[in-house]
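> Next input, structure requested:
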Amino acid sequence: MKRQAVPDFPITTSDLTIEYPPHGASPAYVAVRGLSLRMAPGEVVGLLGESGSGKTTLARVLAGDTVSASGLQPQITGGTATVLGIPLRRISRRKFAELTFGVGYLAQDAAVTLPSNLTVAEIVAEPILERDKHYNKAALNTRVATMIDAVRLPLAVLSQFPYELSSGQRQRVALAKALVFGPTLLIADEPTAGVDVSVRDAVIDLIVELQHERAFSALVISHDLAVLRRVANRIAIMHQGVLVGLGTIEEVFRDPWHPYVASMAEALTTQAHNVEREQDRAQPHAAHHRHSAQTRLEESND
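This next block holds a predicted model:
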């Protein structure tokens with residue numbers, strides 16, 4: 001499939017509303033309401049919000065991954081959403097294939113749901129073979145090896161199974177799979193979820209490095225502001241399905257216009273003051289220890 005020309009804005013939504021239809025005794029549920037967002041080419045936007053804020057539903061709809069484990073399919077019921085120049089409402093099968101070719105999607109549970117019966121090489125090759133079962137084997141092997149190398153894994157993992165890898169390695173394999181088509185846009189939902197604390201920074205740094213190398217746009221979803229500080233040019237904050245903040249981190253928290261964002265800003269200010277106080281307390285002790293050590297040294301010289 002040929003890659004389409006890069007649109008002016010990889011993601012554009014206007015007054016977008018997404019809801020889940022009624023299911024059994026459960027009524028229809030609006031997950032995203034009236035959201036307007038525009039992403040520039042090459043930009044990384046961080047989507048911040050607590051559990052239930054609608055951020056994962058938004059990510060899945062934009063990525064074309066709209067069938068949930070429960071079988072419920074979120075539907076666009078208001079406004080518009082365009083991804084890579086493709087309108088998502090009533091999307092045709094051909095346009096859907098274009099969408100999923102141009103968008104790499106790293107789902108929230110991507111690392112823990114890797115097929116246990118497939119090798120790493122087979123997992124990364126899977127999206128290609130789903131589109132073309134007769135894809136040239138030598139070219140396929142080269143592309144897969146290139147992607148594994150790109151995510152900073154040794155080629156020896158190609159023959160291994162997911163259960164033989166660490167959580168950080170599994171997440172890198174999932175990222176390689178998401179990027180195997182060389183997408184124009186990456187949507188990464190909680191990319192550090194399920195990853196050992198010791199390697200979470202490394203996973204985020206890898207996404208930053210790959211974004212710089214490959215110049216794709218990215219929507220990175222997280223409930224952790226520290227993660228988005230490392231990767232995002234701007235952040236969008238969602239609360240109860242509504243966009244309540246948009247801009248650089250400094251802009252959003254310097255002048256919050258929604259109570260939810262204001263409470264976050266207050267908590268961040270309190271946290272910063274606590275850190276400063278701890279540092280101030282530590283400095284006299286450190287100075288005292290240095291003075292004592294210097295005194296002992298002088299006395300020993302005497």
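> all contacts plus neighbour counts: C-alpha atoms, from now on.
Noted.
> May I have the phi/psi pair for the closest residue to G247 other than its chain neighbours?
Using Cα to Cα, 6 or more residues apart in numbering and skipping the chain neighbours, the partner closest in space to G247 is R234 (5.1 Å). When read as degrees, to the nearest 10, the backbone of R234 gives phi -140, psi 160.
> Just grab the bridge partners of R234 for me.
V45 (DSSP bridges).
> So it versus A226, what's the distance?
13 Å (Cα to Cα, to the nearest Å).
> One more: P87?
Distance of P87 to A226, given as Cα to Cα: 33 Å.
> If you count surrounding residues, which of those two has more?
Shown here are P87 and A226; by other Cα atoms under 10 Å, P87 has more neighbours (17 against 10).
> so that one makes contact with F96?
No - counting by Cα atoms under 8 Å, P87 stays clear of F96, with 9.7 Å between them.
> Flag the shaky bits of the stretch 151-300 of the chain, pLDDT-wise.
271-300 (pLDDT under 70).
> Do I have it right that F216 meets V45?
No - using Cα under 8 Å, F216 makes no contact with V45, being 11.7 Å away.
> More neighbours: which of the two?
Using other Cα under 10 Å as the criterion, F216 and V45 rank with V45 on top: 25 against 21.
> Now for S198: which residues touch it?
The contact partners of S198, taken as Cα atoms under 8 Å, 6 or more residues apart in numbering, number zero.
> go with 10 Å
Neighbouring residues of S198 by Cα atoms under 10 Å, 6 or more residues apart in numbering: G168.
> helix, strand or coil for it?
Counting by DSSP: H, G, I helix; E, B strand; the rest coil, the backbone at S198 sits in helix.
> That one and S167, how far apart?
Distance, S198 to S167, by Cα to Cα: 11 Å.
> next one: I86
Distance, I86 to S167, by Cα to Cα: 35 Å.
> Can you report how many residues lie near T80?
Neighbours of T80 under the rule other Cα under 10 Å: 18.
> you'd agree G78 is in a strand?
Yes - residue state for G78 (three-state DSSP) corresponds to a strand.
> Can you check the pLDDT for it?
Confidence at G78, expressed as pLDDT, is 96.
> wouldn't it be in contact with A31 here?
No - under the criterion of Cα atoms under 10 Å, G78 makes no contact with A31, lying 11.9 Å away.
> okay, these two: which has more neighbours?
A31 (21 against 17).
> hey, where'd the strands end up in the stretch 1-150 of the chain?
Secondary structure of the stretch 1-150 of the chain (DSSP state E, counting those that start in this stretch): strands at 11-20, 29-39, 44-48, 75-83, 86-87, 103-106.
> Could you dump these into a markdown table with distance to L179 added?
Below are these laid out as a markdown table (distance: least, Cα to Cα, whole Å):
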| stretch | distance to L179 |
| --- | --- |
| strand 11-20 | 18 |
| strand 29-39 | 19 |
| strand 44-48 | 16 |
| strand 75-83 | 17 |
| strand 86-87 | 20 |
| strand 103-106 | 6 |
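> burial measure for D189, as a count.
Residues near D189, counting by other Cα under 10 Å, number 24.
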